[in-house]
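Engineer: Please find the sequence and the predicted model below.
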Amino acid sequence: MDESDGTKIRNICILAHVDHGKTTLADHLIASSGGGVLHPRLAGKLRFMDYLDEEQRRAITMKSSSISLNYKGHSLNLIDSPGHMDFCSEVSTAARLSDGALVLVDAVEGVHIQTHAVLRQAWIEKLTPCLVLNKIDRLICELKLSPMEAYTRLIRIVHEVNGIVSAYKSAKYLSDVDSIIASSSGEMSADENPEFWEDDEEVTFQPQKGNVVFVCALDGWGFGISEFANFYASKLAGLSVTNLQKALWGPRYYNSKTKMIVEKKHLSAESKTKPMFVQFVLEPLWQVYEAALDPGGDRTVLEKVIKNFNLVIPPRELQNKDLKNVLQSVMSRWLPLSDAVLSMAVKHLPDPIAAQAFRIPRLVPERKIIGGGDVDPGVLAEAELVRKSIEACDSSRDAACVVFVSKMFAVPMKMIPQDGNHRERMNGLNDEDSRSESDECFLAFARIFSGVLRAGQRVFVISTLYDPLKGESSQKYFQEAELHSIYLMMGQGLTPVNEVKAGNVVAIRGLGPYISKSATLSSTRNCWPLASMEFQVSPTLRVAIEPSDPADMSALMKGLRLLNRADPFVEITVSARGEHVLAAAGEVHLERCVKDLKDRFAKVNIEVSSPLVSYRETIEGDGSNLLESLRSLSLNSSDYVEKRTPNGRCVIRVHVMKLPHALTKLLDENTDLLGDIIGGKGSHSVTLLESQTPSIEGNVDPIETLKKELIEAGVSTSPESEKDREKCKAEWSKLLKRIWALGPREKGPNILFAPDGKRIRDDGSILVRGSPHVSQRLGFTEESTEGEASEEEALHSEALTLESSIVSGFQLATASGPLCDEPMWGLAFTIESHLAEDSETEKQQPENFGIFTGQVMTAVKDACRAAVLQTNPRIVEAMYFCELNTAPEYLGPMYAVLSRRRARILKEEMQEGSSMFTVHAYVPVSESFGFADELRKGTSGGASALMVLSHWEMLEEDPFFVPRTEEEIEEFGDGASVLPNTARKLIDAVRRRKGLHVEEKVVQHATKQRTLARKV
């Protein structure tokens, strides 16, 4: 395909909040440009892209699917994506394969929580967005707004969406989703009247530029400013199309006396002239609706529209007794939806050649080699040549073929085309592929970024960890595979092709055994893998599954493997107790996964446990007074726990403190980056000029940014006085030079600091100093190679060997806390280990106490756990941010449901222009299961909720509370009759599930047998 052909391709995804009309819009685009696969009368009713039974039953989209459209010589690959938060991973897969995005917003509901999420995903993937304001008809029919009120509402929505995007552009984006909503949906003051917002060249969405359209997807009509500008240019003398297009949005008015466009300041005070968008666009629409839907309406308005625009409408449609059908016939021919949307897509969304040049820093970040004397220059040159081919979207046959697979999806074998050469090629599938696929065929959802992809071609399947510069040591990260078939996707249908050039979206068969989730395909092994995708949430809902019949275990194992491959977001693990744990994004996602296991992949009956909720363990306090905490962490403090190894040679002293919340959150959010930094990278290091983790700020050094944030987070809650703040910052900076390890798994939100005491004590024992390994990796201190002289060389050497045992003990302790064996959260430890000489008895019988390093490890673990128990431990639970929408009459029942779920209300506000209320709340994850069903039952279906994982929050209740003061005894009794509080109930439930000891009454009534009749 030459360059002129490449410019005729558009790859577009549709993004929006749930139920904002994505699939209905796609139906109308398919009906008009899909080659006859969908009749126009069925558009909006069939939901062509939702071909799964579960999607049709629930009336929501659950997976991203693609279809190829043809519009005025252009080929458009349209990808429909889900709007439900549980399936946000599908939005990530769709965004990676696209170059532009159609962002839908409901004109009645406005911007919602998932609208923020999809706009952020589009920004991260560097997609060019266009805005589609849907359900305009609801402003007329449901809300009964006047044209002026509707205009005010529309301009506010456009401004709000622009505010979200401009926050990304100015690097002021807050990742906490409830903070975004709180800041973006606040009340506007008088000087923020939308009528006076002026045009700004930096604003992303501007109707006058043509990248915003107003549509009603259900009725099949839509328009941009240009349609009305072209019409009125022939009616209004002296006004050009360009001038009208600029004036038909914003505070511009038409002076009928002077026949000129003026601003409001040029109008008289008593003038009732309305903005041109209201006068020339909305009022004619309102008149058509009133004439069509009002039984006594003026039918001449419809006749005038039909005559002026030369519309051809069959008389039987105009005589239809259903007024809604009459209106739909007129509007869909006057303002065709597909023309408005597809013309905007062709004009304002980039082709693959332009898009890949813009997206290349995100797709393949540029690498800079540091200290790589052993790097093969030929390999490096070829890898850079491949990167340039991707940047240019080179579709020549000589260019390296590079393809990104965003997900694998399962299709029933009966849906695969079985004709011609493709049947012969599929008959040649290897036995392993056939056995693994059984009744389901796995296809790769892929985009070709460079070169030409042919059926039967041999390619290298490259994982994200592959580094072409490492040679043999990177062999395990790539495999060689043969592509059996290539298909163009038409929703559920597949059209086989022999070859496809760069810039297209295709489905590939033959990669089932080689790819689990996503991968890069390349015709050369000297190719950097494309950057991995970022998901908005993580799979937090975990359940244990097992077959009803133990004999079906092998079938379940096979089904789990297939499910893991078919779903890009599900996680399958085996717990320490041997349970098979399935992790999903939410209840709807989990229900779909279980149904797929039963009906498609495993085909056996399955028992599903109650949800396994994750908790964290910490200590009392908020970590705000850092100076006090640092004093308690010093080795001179008496607040410590001491343990001794069984042989008595090593004394362990542990100090613990609470880290500031901002620091804990920072460490938790950057676990992957910290793992890469601490882990190290071979003999030569490769530095990404742009981080693999997407950053709102753009091209920044992630390590330097992390260093600054660690310093600031430590002192963010320090005292107000400048003197104390400087002192606190100095102390914290010293402490950052002593970071020995992070935990658990060497990258968690807990810190182990190296002790800073005397090397040799008065009794001759030696302090195991440790090395600030993490501080060196982060660049807080220089790596030291100097040895320290010691009189006791043998003892000194032994102390060095114990360092790894101390770190291992710390990792074990932070991985399973003392309350219920859950990971610790936001704690800092200093471990002081003093090693003494062997006694003569121990030298003769060392086996009495076991291996010495193991003794130290166990002692450190026990000491850390005891230190936490001593300092008022608390449980930390995950919280969902919940957005609820309800009518006023259901507010009471809704609040009753929330109170039973221990929810914390953040705010309640009425949606502007409607009677609906929007409520924001935090709901604990442990209380969220069945919440949506209970809410629907409690409000008779009048309330809806959407939840997204927000943060971790400490439960203030003391799980070991015992009344001690007179007031407490008076309120709770003497302690014998105190019921377990919420924290204790949560801890006991986890301990019971894990098989740990639980203090509870086994006998509830220690009297004679109690029967229902209670006969004595």
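Structural biologist: Received the coordinates, thanks. Being a predicted model, the structure only gives us computed values, none of them experimental.
Engineer: quick one: contacts of stretch 253-269?
Structural biologist: By Cβ atoms under 8 Å, 6 or more residues apart in numbering, the surrounding residues in contact with stretch 253-269 are 195-196, 236-239, 243, 247, 251-252, 273-276, 279-280. (Glycine included, C-beta is placed from N, CA and C.)
Engineer: Now do the nearest residue to residue 604 once chain neighbours are set aside against residue 569, distance only.
Structural biologist: Excluding its sequence neighbours, the residue lying closest to residue 604 (Cβ to Cβ, 6 or more residues apart in numbering) is residue 552, at 4.1 Å. Remark: distance between residue 552 and residue 569 (Cβ to Cβ, to the nearest Å) = 25 Å.
Engineer: do the same with residue 304
Structural biologist: Residue 304 sits 53 Å away from residue 569, going by Cβ to Cβ.
Engineer: mind checking how far the lengthiest helix in the chain is from the chain centre?
Structural biologist: Counting residues, the longest helix in the chain under DSSP state H turns out to be helix 147-169. Relative to its chain's centre, helix 147-169 lies at 24 Å (Cα atoms, centre = their mean, to the nearest Å).
Engineer: And for the closest residue to residue 931 other than its chain neighbours, the neighbour number?
Structural biologist: Closest residue to residue 931 apart from its sequence neighbours, by Cβ to Cβ, 6+ apart: residue 901 at 6.0 Å. Counted with other Cβ atoms under 10 Å, residues neighbouring residue 901 total 20.
Engineer: which residues sit in contact with residue 901?
Structural biologist: Residue 901 is in contact with 923, 924, 927, 928, 931, counting by Cβ under 8 Å, 6+ apart.
Engineer: Tell me how far it lies from residue 942.
Structural biologist: Separation of residue 901 from residue 942 (Cβ to Cβ) stands at 18 Å.
Engineer: sorry, back to before: quick one: the residue nearest to residue 931 from residue 448, how far?
Structural biologist: For residue 901, the distance to residue 448 equals 48 Å [Cβ to Cβ].
Engineer: same question, residue 543
Structural biologist: Separation of residue 543 from residue 448 (Cβ to Cβ): 38 Å.
Engineer: Same drill for those two, tell me which one is more crowded.
Structural biologist: Neighbour count, other Cβ under 10 Å: between residue 543 and residue 448, residue 448 has more, with 25 against 20.
Engineer: For the closest residue in space to residue 348 that isn't next to it in sequence, list the residues it contacts.
Structural biologist: Leaving aside its chain neighbours, residue 348 sits nearest to residue 211 (4.6 Å; criterion: Cβ to Cβ, 6+ apart). Contacts for residue 211 (Cβ under 8 Å, 6+ apart) come out as 129, 130, 131, 204, 205, 344, 348.
Engineer: cool, and residue 813?
Structural biologist: Residue 813 neighbours (Cβ under 8 Å, 6+ apart): 743, 824, 860, 861, 864, 865.
Engineer: what do you get if the cut-off is 7 Å, keeping everything else the same?
Structural biologist: Applying Cβ atoms under 7 Å, 6 or more residues apart in numbering to residue 813 gives the contacts 861, 864, 865.
Engineer: closest to residue 561 among the contacts of stretch 253-269?
Structural biologist: Of all the contacts of stretch 253-269, residue 195 has the smallest distance to residue 561: 59.4 Å, by Cβ to Cβ.
Engineer: where does that closest one land on pLDDT?
Structural biologist: pLDDT for residue 195: 44.
Engineer: circling back: going by neighbour count, list what's buried in the longest helix of the chain.
Structural biologist: 147-162, 164-168 (16 or more other Cβ atoms under 10 Å).
Engineer: these two touch, right, residue 123 and residue 169?
Structural biologist: No - at 8.5 Å, residue 123 does not count as touching residue 169 under the criterion of Cβ atoms under 7 Å.
Engineer: now residue 514, what's its secondary structure?
Structural biologist: Classification of residue 514 by DSSP: H, G, I helix; E, B strand; the rest coil places it in coil.
Engineer: Residue 116 should be in a helix, yeah?
Structural biologist: Yes - the assignment for residue 116 by three-state DSSP puts it in a helix.
Engineer: ok, it - how many residues close by?
Structural biologist: Residues lying near residue 116 (other Cβ under 10 Å) number 21.
Engineer: can you give me the helices for the stretch 151-300 of the chain?
Structural biologist: Using DSSP state H, counting those that start in this stretch, the helices found in the stretch 151-300 of the chain span residues 177-184, 225-233, 241-247, 276-277, 283-293, 300-308.
Engineer: Residue 605 against residue 548, yeah?
Structural biologist: Yes - the pair residue 605 and residue 548 qualifies as a contact (Cβ under 7 Å) at a distance of 4.0 Å.
Engineer: related to what we said a few turns ago, what residues are shared contacts of residue 123 and residue 169?
Structural biologist: By Cβ under 7 Å, 6+ apart, no residue touches both residue 123 and residue 169.
Engineer: that older thread, which of residue 552 and residue 569 has more neighbours?
Structural biologist: Taking neighbours as other Cβ under 10 Å, residue 552 and residue 569 compare with residue 569 leading, 22 against 17.
Engineer: Return the residues in contact with the more buried one.
Structural biologist: 89, 535, 539, 585.
Engineer: Which of the helices of the stretch 151-300 of the chain has the highest mean neighbour count?
Structural biologist: Comparing the helices of the stretch 151-300 of the chain by mean neighbour count (mean count of other Cβ atoms under 10 Å), helix 276-277 comes out on top with a mean of 23.
Engineer: I'd like to check what contacts that one. Which residues are they?
Structural biologist: Residues outside helix 276-277 that contact it (Cβ under 7 Å, 6+ apart) are 151, 247, 248, 249, 252, 253, 254.
Engineer: at 10 Å instead, please
Structural biologist: Defining contact as Cβ atoms under 10 Å, 6 or more residues apart in numbering, one finds that helix 276-277 is touched by 147-148, 150-151, 154-155, 207-208, 214, 225, 228, 232, 244, 247-254, 261, 283.
Engineer: how far out from the middle of the chain is it?
Structural biologist: Chain-centre distance of helix 276-277: 39 Å, with Cα atoms, centre = their mean.
Engineer: What's the mean pLDDT across that helix?
Structural biologist: Across helix 276-277, the average pLDDT comes to 88.
Engineer: what do you get for stretch 319-337?
Structural biologist: The average pLDDT within stretch 319-337 is 85.
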